[in-house]
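Trainee: The following block contains a protein sequence and its predicted model.
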Amino acid sequence: MDPRPVAASQVTTTQLVLPNDTNQLGNLLGGTLMHWIDIVAAIAAQRHAGRVCVTASVDELAFHYSVRLGEVVTLEASVNRAFRTSMEIGVRVTAHGNAAAPTRHANTAYLTFVAIDEAGHPVPVPPVVPGNAAEQRRYDQALARRENRLARRRTE
């Protein structure tokens, strides 16, 4: 399989936080944000693999700031690294209240997706080629997270 650049998998989506997306305090529900993250990550994985991909795990979902009713949320996802049939997808979530408000880094998430065939069996995915220093850093860090994830699995 020919390697693919990180840029080929990049996805950006924007959501407006509406009343149905919030809790009693007017903050975005964590589950709603997780849903949005899972969707944008799935699209990035599918772009990279060229086929349907399923969520295998969520390594980390760090909530840095609350997102409020009426704010605009931007989710940016890309494949950090591909392994044999799996890929780590990084998602960065930012939020801002209006055009004049500063943008805040609200969340970071790392998810693992697996490419599957029509019968639901895992299939190989192309390697990732980092294109700049930031992509190389995420590529290297993805391997460390994978090793930690596999080590946890062995002890369970």
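Mentor: Arrived safely, thanks for sending.
Trainee: hang on, isn't residue 131 packed against residue 6?
Mentor: Yes: counting by C-beta atoms under 8 Å, residue 131 does reach residue 6; the two are 5.8 Å apart. Heads up, the C-betas are built off the backbone N, CA and C, glycines and all.
Trainee: Tell me how many other residues surround residue 29.
Mentor: 14 (other C-beta atoms under 10 Å).
Trainee: gap between it and residue 57?
Mentor: Using C-beta to C-beta, to the nearest Å, residue 29 is found at 21 Å from residue 57.
Trainee: ok, which stretches of the protein are helices?
Mentor: Using DSSP state H, the helices found in the chain span residues 30-49, 133-155.
Trainee: Distance from the chain centre to the shortest one, please.
Mentor: Here helix 30-49 shows a centroid-to-chain-centroid distance of 6 Å under the convention C-alpha atoms, centre = their mean, to the nearest Å.
Trainee: Quick check on residue 131 and residue 6: which one has the bigger neighbour count.
Mentor: Taking neighbours as other C-beta under 10 Å, residue 131 and residue 6 compare with residue 6 leading, 23 against 12.
Trainee: Could you find the closest non-adjacent residue to that one?
Mentor: In space, not counting the residues next to it along the chain, residue 6 is nearest to residue 135; the distance is 4.7 Å by C-beta to C-beta, 6 or more residues apart in numbering.
Trainee: No more questions from me, cheers.
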